[in-house]
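Q: quick one, structure for this:
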Amino acid sequence: MKYNSPDYLLIVSFVVLIILGLFVLSSASYFVACQKFNDCYFYLKHQLLYGLLPGVVFFLFLSFFNFNHFKKLALPLLILTILLLIAVFIPHLGFAKGEARRWIKIGSFIFQPSEIAKLTFFIYLSACMTKHIKQIKDFKQTFIPFVILLSLISILIILQPDVGTLMVIISSSLVIYFIAGARWVHLTSLVTGLIAILLVLIKIAPYRLARITAFLNPEIDPQGIGYHISQAIIAVSSGGFFGRGLGHSYQKIYYLPEVVSDSIFAVMAEEFGFILMLLVVVFILL
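A: Okay, here's the model as predicted:
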């Protein structure tokens, strides 16, 4: 087998983002970890053990793995993913937080099957459309199976519910379908139908519309639905050009909710400032 030279630009960007991410996670989670676990570096240790370590192992393995083998693994991986998406609804196996039931808990290990679907579903689509590339414009052989499969994955994720992840999966699936050479009329009809379904979902659960409204105009209710976004904007703007310095965010201590997850970019911007955040965005784009 012939191996190509590594993409050093990709690897350097990858490593820089991981290192920056670990520093910011340590800073953003420090006070929360002290209060919740009496261990100020709990989240950092957890990420190193359950995130970085297995990630490096998979990275090294897949760097020598012939990606063409995924064609044979695509269907078994998809079936496994569908079973995992169903398993979140099984009592004592699925793990719920609030009204969301998106996780599977095995002992102390918790994972989210919809995140796995982001990878395995795209592997299957890529393999399937490569195999049937000559029939890609055919309505019965390609379009109908694509819609049925996308609908199955979508229903399982909607029931959790996790519309944010669903939007990522749907948009990425449409990009793969488009790159494969789908007919414009098929894509247009599909997008139209998806927009209609999204409107129905918003109608069923008005909080989704409230989130969109708060995102577009958070000052309407700065102490209610717009609080999170308003505080994030304050944190980002407080960083100025050069930032307050690593570990010196004010917002993470007193005002920002969910600093370890949803608000971590705001903490990063407050501590790093505009110049460094611009470089971070460049590395992400690379």
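Q: now do the strands in this structure.
A: 94-97, 100-106, 109-111 (DSSP state E).
Q: looking at those, which is buried most?
A: Most buried of those, by mean neighbour count (mean count of other C-beta atoms under 10 Å): strand 100-106, with a mean of 16. C-beta: built from backbone N, CA, C; applies to glycine.
Q: that one packs against which elements?
A: When contacts are defined as 3 or more C-beta pairs under 8 Å, 6 or more residues apart in numbering; DSSP states H and E, strand 100-106 sits against strand 94-97, strand 109-111, helix 113-131.
Q: now do the helix ranked longest in the chain: which elements does it pack against?
A: Looking across the chain with DSSP state H, the single longest helix is helix 8-37. Counting contacts by 3+ C-beta pairs under 8 Å, 6+ apart, helix 8-37 packs against helix 42-47, helix 251-254, helix 264-285.
Q: wait, doesn't Leu80 sit right on Thr120?
A: Yes: the criterion here is C-beta atoms under 8 Å, and Leu80 meets it with Thr120 at 7.3 Å.
Q: check contacts around Phe274.
A: Gly239, Gly240, Phe241, Phe242 (C-beta atoms under 8 Å, 6 or more residues apart in numbering).
Q: could you do Thr120 as well?
A: Ala74, Leu77, Leu78, Leu80, Thr81 are the contacts of Thr120 under C-beta under 8 Å, 6+ apart.
Q: mind giving me the PyMOL select for these, buried ones only?
A: Command for PyMOL that selects the buried part of the contacts of Thr120, burial taken from 16 or more other C-beta atoms under 10 Å:
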select buried, resi 74+77+78+81
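Q: show me which of the contacts of Thr120 is closest to Val56.
A: Leu77 (21.4 Å; C-beta to C-beta).
Q: touching, the closest one and Tyr124? I think so.
A: Yes: under the criterion of C-beta under 8 Å, Leu77 makes contact with Tyr124 at 6.8 Å.
Q: can you say which of the strands of the chain is nearest to Leu201?
A: Among the strands of the chain, strand 100-106 sits nearest to Leu201 (C-beta to C-beta), with 14.7 Å.
Q: just read off the phi/psi values of Ser261.
A: phi -120, psi -80 (degrees, to the nearest 10).
Q: how many residues are close by it?
A: 11 (other C-beta atoms under 10 Å).
Q: output the below-cut-off pLDDT ranges for the stretch 1-150 of the chain.
A: Confidence mapping of the stretch 1-150 of the chain against pLDDT under 70 gives the ranges 1-4, 98, 108.
Q: one more time with 90
A: 1-11, 14, 31-32, 35-37, 40, 50-51, 59-73, 87-115, 118, 128-147 (pLDDT under 90).
Q: state the distance from the residue lying closest to Ala33 once chain neighbours are set aside to Ser29.
A: Leaving aside its sequence neighbours, Ala33 sits nearest to Phe42 (C-beta to C-beta, 6 or more residues apart in numbering; 4.1 Å). Look at Phe42 and Ser29: by C-beta to C-beta, to the nearest Å, they are 7 Å apart.
Q: also Gln160?
A: 25 Å.
Q: Val147 too?
A: For Val147 relative to Ser29 (C-beta to C-beta), the value is 42 Å.
Q: out of the two, which sits in the more crowded spot?
A: Ser29 (25 against 14).
Q: show me the contacts for that one.
A: Phe42, Tyr43, Leu44, Val259, Val260.
Q: out of the residues you listed, who's the most crowded?
A: Counting by other C-beta under 10 Å, top hit in those: Val259 with 24 neighbours.
Q: does that residue touch Gln35 like I think?
A: No: in this structure Val259 lies outside contact range of Gln35 using C-beta under 8 Å: 11.6 Å.
Q: circling back to that earlier point, give me the angle between the longest helix of the chain and helix 264-285.
A: Between helix 8-37 and helix 264-285, the angle comes out at 170 degrees (axes from the mean of the first three to the mean of the last three C-alpha atoms, to 10 degrees).
Q: number the chain from 824, please
A: Taking 824 as the first residue, the last one we looked at is helix 831-860.
Q: and helix 831-860, how far from the chain's centre?
A: 17 Å (C-alpha atoms, centre = their mean, to the nearest Å).
Q: and that helix, which residues are buried?
A: So, applying 16+ other C-beta under 10 Å, buried residues of helix 831-860: 836, 843-844, 846-853, 855-856.
Q: any idea which of those residues is the one closest to Gly1070?
A: When the buried residues of helix 831-860 are compared against Gly1070 (criterion: C-beta to C-beta), the nearest one is Ser850, at 4.7 Å.
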